[in-house]
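Asker: predicted structure and sequence below. I'll ask about it afterward.
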Number of protein chains: 2
Amino acid sequence: MDQKISQKVVERLTLYHSILIEYLEEGIEAISSPQIAARLKIDDSQVRKDFKLLNNAGKCRVGYLVKDLKESIENTLGFSAPKDAFIIGAGNVGLALAKYDNFTNYGLNVLALFDNDPIKVGMEFDNKQIFHISKLPNLAERLNVDIVILTVPRQQAQKVADFAVESGIKYIWNFSPVILRVPSGVNVWNENLIASFLQFAYKNIIGS
Amino acid sequence: MDQKISQKVVERLTLYHSILIEYLEEGIEAISSPQIAARLKIDDSQVRKDFKLLNNAGKCRVGYLVKDLKESIENTLGFSAPKDAFIIGAGNVGLALAKYDNFTNYGLNVLALFDNDPIKVGMEFDNKQIFHISKLPNLAERLNVDIVILTVPRQQAQKVADFAVESGIKYIWNFSPVILRVPSGVNVWNENLIASFLQFAYKNIIGS
């Protein structure tokens, strides 16, 4: 990923990507930047400026080739080599993320899930095996995985994070509403649903 | 909510809130701003500045009373009167959000879920009934609900959003990775998991 791409641009590129998937499904082969701008209610010049950051954006006589533009966004934003990850916690959030097909487009492969519920362990979900959490150190080492998506209940999040760190995990995408304590060298990214919801409420509902 | 509170402050206040819940559970009655600052690896002066925005922050001799501070954050960020909402889509994401207990602290009450799956319709989940989607117009009107959390599969999102708008819904918190077309007067807040993940990847993994 180009280090110069700002967070705002990253966000817009993912929105363009959603629209391109839709166009592909509808069989539309080429689109123009004003069409995309209109869908997002933003300025056409902004869209064109963003596309200039991409390599091989699929520019053609009538605009952009949908397939090429989509791939170009994926290449620009995604990992140059795909990265493997585990999901810890096979509850509703974990299962929802396990089948979230968009991750793969950006080079993140979820290999397996982990849980401590004997009923879930051994099951398969969306072609991914659910292992007992005790298998994490062994599998993380053998499969060379250092990224986990943490979706366990709040009360267990710290304990499980500690165990993941002991197992060699270096990157935790944390969906539990807990501020994790991790040693230096381990990176946590908190998914803060309440903050997100409050942005929504603040901008739309409370002000109205 | 005070219109002057910036998005960054909103985010930090929700992080403080997570820590305070934890302290309450551990039976800790009072805390100091340096303690909180250390947990978040931010500057103490920032924490104190943020707390100055709160009413009745529970300041005491040794710092802040955990219970009062927590309530003060909820009052500052939350709705003055609780708002009711529906969840449309009783899949993994919908069910996860239905039992996400933190919403209530900020004044959002999820009253019920809607789905079109005959197996799910009629079931209860976390004390919330799952209704058939055809009941939405009637229940939205009778219960005076104009907020929905949309968690249906991507392919159905637009159709369901249209139906919600026809049913009088004015605010859509959209978890489907689709750019919805809505008439003016309807507000959509997109929950963009890919953008969030890419922030994480960009800041931590790709740069390393």
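Answerer: Ah, there it is. If you're wondering where the values come from, they're calculated on a predicted model, not measured in any experiment.
Asker: give the other helices and strands that the least confident helix or strand in chain A by mean pLDDT contacts.
Answerer: Ranked by mean pLDDT, DSSP states H and E, the weakest helix or strand in chain A is helix A:193-200, scoring a mean of 74. Counting contacts by 3 or more Cβ pairs under 8 Å, 6 or more residues apart in numbering or on different chains; DSSP states H and E, helix A:193-200 is packed against helix B:7-25, helix B:102-105, strand B:171-174, strand B:187-190. Heads up, the C-betas are built off the backbone N, CA and C, glycines and all.
Asker: separation between residue A:50 and residue B:178?
Answerer: 20 Å (Cβ to Cβ, to the nearest Å).
Asker: chain center to the least confident helix or strand of chain A, what's the gap?
Answerer: Helix A:193-200 has its C-alpha centroid displaced from the chain centroid by 18 Å (Cα atoms, centre = their mean, to the nearest Å).
Asker: what's the answer for stretch A:5-18, then?
Answerer: Distance, centroid of stretch A:5-18 to centroid of chain: 13 Å (Cα atoms, centre = their mean).
Asker: elements contacting the longest strand seen in chain A?
Answerer: In terms of residue count, the longest strand belonging to chain A (DSSP state E) is strand A:108-115. Using 3+ Cβ pairs under 8 Å, 6+ apart, the elements in contact with strand A:108-115 are strand A:83-88, helix A:92-98, strand A:128-132.
Asker: beyond that strand, next helix or strand please.
Answerer: strand A:124-125 (DSSP states H and E).
Asker: give me the contacts around that following strand.
Answerer: A:90, A:95, A:98-99, A:113, A:130 (Cβ atoms under 8 Å, 6 or more residues apart in numbering or on different chains).
Asker: excluding its backbone neighbours, what's nearest residue A:7?
Answerer: residue B:199 (6.2 Å; Cβ to Cβ, 6 or more residues apart in numbering or on different chains).
Asker: OK, contacts around that neighbour?
Answerer: Taking Cβ under 8 Å, 6+ apart, one finds A:7, A:10, A:189 in contact with residue B:199.
Asker: circling back to that earlier point, quick one: which of the helices and strands packed on helix A:193-200 is nearest residue B:117?
Answerer: strand B:171-174 (20.0 Å; Cβ to Cβ).
Asker: tally of neighbours for residue A:35?
Answerer: Residue A:35 has 16 neighbours, counted by other Cβ atoms under 10 Å in any protein chain shown.
Asker: hmm, I was thinking of residue A:163
Answerer: 17.
Asker: my guess is residue A:175 meets residue A:153, correct?
Answerer: No. Judged on Cβ atoms under 8 Å, residue A:175 makes no contact with residue A:153 at a distance of 10.6 Å.
Asker: between those two, which one's more packed in?
Answerer: residue A:175 (25 against 11).
Asker: please report how far the more buried one lies from chain B.
Answerer: 9 Å (Cβ to the nearest Cβ, to the nearest Å).
Asker: list the contacts of that residue.
Answerer: Counting by Cβ under 8 Å, 6+ apart, residue A:175 has contacts A:93, A:97, A:149-151, A:191, A:193.
Asker: again, 7 Å this time
Answerer: By Cβ atoms under 7 Å, 6 or more residues apart in numbering or on different chains, the residues touching residue A:175 are A:93, A:149-151, A:191.
Asker: pLDDT added to those residues, as CSV?
Answerer: Shown next, in CSV, are the contacts of residue A:175 (pLDDT from 0 to 100):
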residue, pLDDT
A:93, 88
A:149, 95
A:150, 96
A:151, 94
A:191, 84
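Asker: report pLDDT for residue A:113.
Answerer: Predicted confidence (pLDDT) for residue A:113: 98.
Asker: with residue A:7 instead?
Answerer: 77.
Asker: on that earlier part again, ok and the least confident helix or strand of chain A relative to helix B:193-200, angle-wise?
Answerer: 110 degrees (axes from the mean of the first three to the mean of the last three Cα atoms, to 10 degrees).
Asker: in helix A:193-200, what counts as buried?
Answerer: A:193-198, A:200 (16 or more other Cβ atoms under 10 Å in any protein chain shown).
Asker: that one versus helix B:7-25: what angle between them?
Answerer: 140 degrees.
Asker: what's the closest of the contacts of residue B:199 to residue B:34?
Answerer: When those are compared against residue B:34 (criterion: Cβ to Cβ), the nearest one is residue A:189, at 24.7 Å.
Asker: test for you: state the pLDDT assigned to the closest one.
Answerer: 87.
Asker: wait, isn't it in contact with residue B:198?
Answerer: No. Using Cβ atoms under 7 Å, residue A:189 makes no contact with residue B:198, being 10.4 Å away.
Asker: roughly how far does the spatially most central residue of chain A sit from residue A:149?
Answerer: Taking Cα atoms, centre = their mean, the centroid of chain A lies closest to residue A:103, which sits 5.1 Å from it. Residue A:103 sits 9 Å away from residue A:149, going by Cβ to Cβ.
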